[in-house]
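Engineer: this is a predicted model, with the sequence first.
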Amino acid sequence: MSTEFHAVNINDFGVTIEKTAEGVQYVTSAEPLSDYPVKLTDKLVHWANETPDTVLISQRGESGAWESLTFAQTLERVRSIASWMLTQNLSNDRPVVILSGNSTEHLLIALASMYIGVPFSPISTAYSLISSDYGKLRHVFDTLTPGLIFTDNLGPYRDAIDAVNADKAPVLTCSADHATDGLTYTVTNLSVALNCAASPEADAAHAALTGDAIAKFLWTSGSTGMPKAVINTQQMICANQEMVRSVYAFLKDEKPVILDWLPWNHTFGGNQNIGMAIYNGGTFYIDEGKPVPKMIHHTMENLKEISPTIYFNVPKGYELMAKELKANPEIAKSLFKNLKMFFFAGAGLAQHVWDQLDELSVQHTGKKVPMVTGLGATETAPSVLFASVEESASGVVGSPAPGITLKLIPNGDKTEIRVKAVTITPGYWRNEEQTKKAYDEEGFYCLGDAVKWIDENEPNRGLLFDGRVSEDFKLDTGTWVSVGSLRASLIHHFAPYVQDAVICGRDRGYIAAMIFPDWAHLQALVPGGKDMDNETLVAQSHVKEVMAERLEQMAATSTGSSTRVKRLTILTELPSIDGNEITDKGSINQRAVMSRRADIMESLYVESPADHVISL
C-alpha cells in the first residue's frame, strides 16, 4: 500500500517553549493569530455580498430532494427573524432555547439571535425525547430562564416543554401537528417571523455588537453531574475559526463542502463544523445519518451525491463507514473525489479502522487522504491543539494553534495541560462557584487532561493525550493506574467487540473492567445471535471464550499491575442518560457507572466469582 499522502495545504508551525525552575512549561505556537472579525454574522454578511448565490445550507425535504438556501437568501431570512425577535423582550437573562436537531430552521434561528446579540442555547434532543424524568431539561430551563423556545415541530416536544416551562415562555415552531390544545403558553408559526420586514433597528443592533457579547450557551456533557452552561462569546467563535483556517490553510484555497451529522448542541458540530462553512464561504449539507447500524445508510446515500472536501466523524462512525465503503465502491469513489482531509474527535480511532480507510483511499486515489485530530473542549470554542499530517496517529493531539498558550504542569507522574486564549470561555452562566474552580491563579483554564511529548527532545513533533488527571487512581499497592490509556488499550485489544469500558480498581488489589459491548459484532459470534436477548447472548460459551482469549492476549502485553486487567464482565443493560451514565454525545461517565452498578463492580472482586465474570 502507498505510504504517500495527497498534497494538502496544512500548516505545522512548530512551538516556542519557556520553562520555569519548578518544571512548568509555557508553550505557544510559533505563528501569531491573524486578525479576525468580532462576530460570525459579519462573515454571513460578507459572503452574502461577495458570493450571494453560493449555497450555504442544504437539507433533504419531505420528497427526499435537497432544499437549499444561498448566502443571500440566508441573510435575508436572518434579518427578518432578527427583526421579529426584537419585539419579543429577549436578552441575556431571557435567551432563546432551541429544542431541535440540526435543521435549516435551527440555523436561521441561531444566526438571527447572533445578529442582534440575543444568546441562544441549543439543547440535546435526548433531554426532551429520551429522558423519562426531564431532569436535565428542567435544570437547563431553571438556569437560563428562557424568553423564547424554538422547536421545528412542537408535537414530539410538547410533553417535555409542558413539564419544564414554568415561566410559560412562548414557543416558535414550524409545525405544531395539532398539538396546541390546552396549552398554557403562546405558539407562533415561524412564517410570522419570516414575513416580518427587516428593520433598521436589527441592523443597528448588529453593527453595535462587540466581541464580548454572548453568542450562545453550550452545555457541558454532564458527565460529572448536572450540565453547566458554558458562555460562548462572539469573538470566541470567530477567533477559533481563524485558528482553524490558519492551520488548515486549504480552506483559503477552496471553499469547503461539508456533509455532517454532528449535533449543533455540541461544540464540535455547532461551533467548528457549521462555523467552518459560514466563516469560509462554504456549503454545509445536513446529514440525517448517525453512526449506528440502523442509520448509517442515510450517510451512504448522501455520499453518493455529495463529495465533501473535508469530512468529520467520531471513531464509531468511521468504523461503520469503512465496512459500507468497502462493499459499495461507487460511494467510496464519490467520497474520495474531492476529499482533502478526514478529522475525528471524541475518542481514539482504532488502528484497524484507520488502516481500512487508508486502503480505501489508496484504492480509489492512489494515495492516502490525511486523517487528523486534535484536542479541545466546550469551554475552548473548541480547538486548542492540532495534530500534523506527519505525526497523526491515535493518541496524538499535536501542537497549539496560533493564539493559544499552553501551561504544562507536573502533576504526580503526569503532565497536566491548562490553556489561555481569547477563545476560552469567561465562565459558566449563573454558576460562580464552578467558574472560580475552572481557572488557576494565572487565569489558565484547567482542562483536566494530561499530555506528554511525543519526543521531549523534539517538541515540534507535538503532544500525546495521556488520559484525564481526575480519573486516575491507585491500587492498594500504591501503584498508579492511568485510566485513559488503559481504557484505550482495552478497546484496542478487544476490537471490534467492545464499544466502551469502565476501569475499576481504586484501592483494590487488581484492575477489573465492566464492558459495554458492540452488540452487532457480539451477535455475529454465534448462530442466531441477533434473535437472542442480551443476557442470553453474553452467556453463550463461544462469546465467553472469545472475550477470555482477548483478555489473555492483553495481559501478555502488560508491563505490570497497572496495565493488567484480571477480570471483566459484559454489561447487558445499556448506559442510562437519566442515571448520568452516558452523555448525549456518547461519552461514558466512569464514576456514575460504578456508583449505579456497584453490585456488579463488587462481583468482580469476590473470591469465587459468578459465571458472568471472565477471569485470567
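Structural biologist: Thanks, I have the structure now.
Engineer: which residues touch Gly395?
Structural biologist: Gly348, Leu464, Phe465, Ala488 (C-beta atoms under 8 Å, 6 or more residues apart in numbering). For the C-beta atoms, the positions are set from N, CA and C on the backbone; glycine is no exception.
Engineer: can you pull the phi/psi pair for it?
Structural biologist: Dihedral pair for Gly395: phi 100, psi -20, per degrees, to the nearest 10.
Engineer: for Leu218, pull up the helix or strand it's in.
Structural biologist: strand 214-219 (DSSP states H and E).
Engineer: let me see the mean pLDDT of whatever helix or strand comes next after that strand.
Structural biologist: Sequence-wise, the next helix or strand downstream of strand 214-219 (DSSP H and E) is strand 229-233. The pLDDT scores in strand 229-233 average 98.
Engineer: contacts for strand 229-233, please.
Structural biologist: Residues outside strand 229-233 that contact it (C-beta under 8 Å, 6+ apart) are 121, 140, 143-144, 211-220, 267, 271, 378-379, 381, 425-431.
Engineer: now the buried members of those.
Structural biologist: 121, 140, 143-144, 211, 213-220, 267, 271, 378-379, 381, 425, 427-431 (16 or more other C-beta atoms under 10 Å).
Engineer: restricting to C-alpha, output the strand holding Leu218 in CSV.
Structural biologist: Extracted in CSV, the C-alpha atoms of strand 214-219 (Å, rounded to 0.1, in the frame of the first residue of the first chain):
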residue,chain,number,x,y,z
ILE,A,214,-22.6,36.4,24.5
ALA,A,215,-23.4,34.5,21.3
LYS,A,216,-24.7,31.2,22.8
PHE,A,217,-24.7,28.9,25.8
LEU,A,218,-23.4,25.4,25.1
TRP,A,219,-23.9,22.8,27.8
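Engineer: show me the shaky parts of this protein.
Structural biologist: 1-2, 178, 222-225, 584-586 (pLDDT under 70).
Engineer: contacts for the longest strand belonging to it, please.
Structural biologist: Longest strand in the chain, counting residues (DSSP state E): strand 445-453. Residues from elsewhere that reach strand 445-453 (C-beta under 8 Å, 6+ apart): 375, 377, 379-380, 384, 397, 408, 411, 414-420, 424-425, 437-440, 459, 461-470, 484.
Engineer: ranges for the helices of the stretch 501-616 of the chain?
Structural biologist: 519-523, 534-538, 541-556, 590-596, 598-603 (DSSP state H, counting those that start in this stretch).
Engineer: would you list those helices in JSON lines and tack on distance to Ile306 and mean neighbour count?
Structural biologist: Shown next, in JSON lines, are those (distance: least, C-beta to C-beta, whole Å; neighbours: other C-beta atoms under 10 Å):
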{"stretch": "helix 519-523", "distance to Ile306": "26", "mean neighbour count": "19"}
{"stretch": "helix 534-538", "distance to Ile306": "36", "mean neighbour count": "16"}
{"stretch": "helix 541-556", "distance to Ile306": "38", "mean neighbour count": "15"}
{"stretch": "helix 590-596", "distance to Ile306": "37", "mean neighbour count": "19"}
{"stretch": "helix 598-603", "distance to Ile306": "44", "mean neighbour count": "14"}
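Engineer: so which of the ones you listed gets nearest Gln25?
Structural biologist: helix 590-596 (28.4 Å; C-beta to C-beta).
Engineer: count the neighbours of the nearest residue to Phe344 once chain neighbours are set aside for me.
Structural biologist: Excluding the flanking residues, the one nearest Phe344 by C-beta to C-beta, 6 or more residues apart in numbering is Thr373, at 5.3 Å. Close neighbours of Thr373, defined as other C-beta atoms under 10 Å, add up to 25.
Engineer: Thr373 contacts Val397, correct?
Structural biologist: Yes - proximity of Thr373 to Val397 meets the contact threshold set by C-beta atoms under 8 Å, at 6.9 Å.
Engineer: can you list residues touching both of the two?
Structural biologist: What both Thr373 and Val397 touch, as defined by C-beta under 8 Å, 6+ apart, is the set Ala387.
Engineer: helices of the stretch 151-300 of the chain, start to end?
Structural biologist: Under DSSP H, counting those that start in this stretch, the stretch 151-300 of the chain gives helices at 154-164, 190-194, 200-208, 234-247, 250-253, 267, 274-279, 296-305.
Engineer: need the winner for burial among the ones you listed.
Structural biologist: helix 267 (a mean of 28; mean count of other C-beta atoms under 10 Å).
Engineer: distance to Glu602 added to the helices of the stretch 151-300 of the chain, as TSV?
Structural biologist: As requested, these are exported to TSV (distance: least, C-beta to C-beta, whole Å):
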stretch	distance to Glu602
helix 154-164	36
helix 190-194	53
helix 200-208	59
helix 234-247	45
helix 250-253	52
helix 267	37
helix 274-279	45
helix 296-305	38
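Engineer: for those, which one sits closest to Gln59?
Structural biologist: Taking the helices of the stretch 151-300 of the chain one by one with C-beta to C-beta, helix 296-305 is closest: 10.6 Å.
Engineer: and that closest one, what other elements does it pack with?
Structural biologist: strand 257-260, helix 315-327, helix 329-336 (3 or more C-beta pairs under 8 Å, 6 or more residues apart in numbering; DSSP states H and E).
Engineer: in its sheet, which strands sit next to the shortest one, and in what direction?
Structural biologist: The sheet places strand 257-260 alongside strand 283-286 (parallel), with pairing taken from DSSP bridges.
Engineer: run the chain-centre distance for the strand it pairs with.
Structural biologist: Remark: strand 283-286 is offset 17 Å from the chain centroid, using C-alpha atoms, centre = their mean, to the nearest Å.
Engineer: can I get it in PDB, CA atoms only?
Structural biologist: What follows is strand 283-286, C-alpha atoms only, in PDB (Å, rounded to 0.1, in the frame of the first residue of the first chain):
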ATOM      1  CA  THR A 283     -21.600  24.800   1.700                       C
ATOM      2  CA  PHE A 284     -22.900  22.600   4.500                       C
ATOM      3  CA  TYR A 285     -25.200  19.600   3.800                       C
ATOM      4  CA  ILE A 286     -27.100  18.300   6.800                       C
END
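Engineer: buried sites along the very next helix or strand once past the longest strand of the chain?
Structural biologist: Using DSSP H and E, the helix or strand that follows strand 445-453 towards the C-terminus is strand 463-468. Neighbour-count burial for strand 463-468, counted by 16+ other C-beta under 10 Å, picks out Leu463, Leu464, Phe465, Asp466, Gly467, Arg468.
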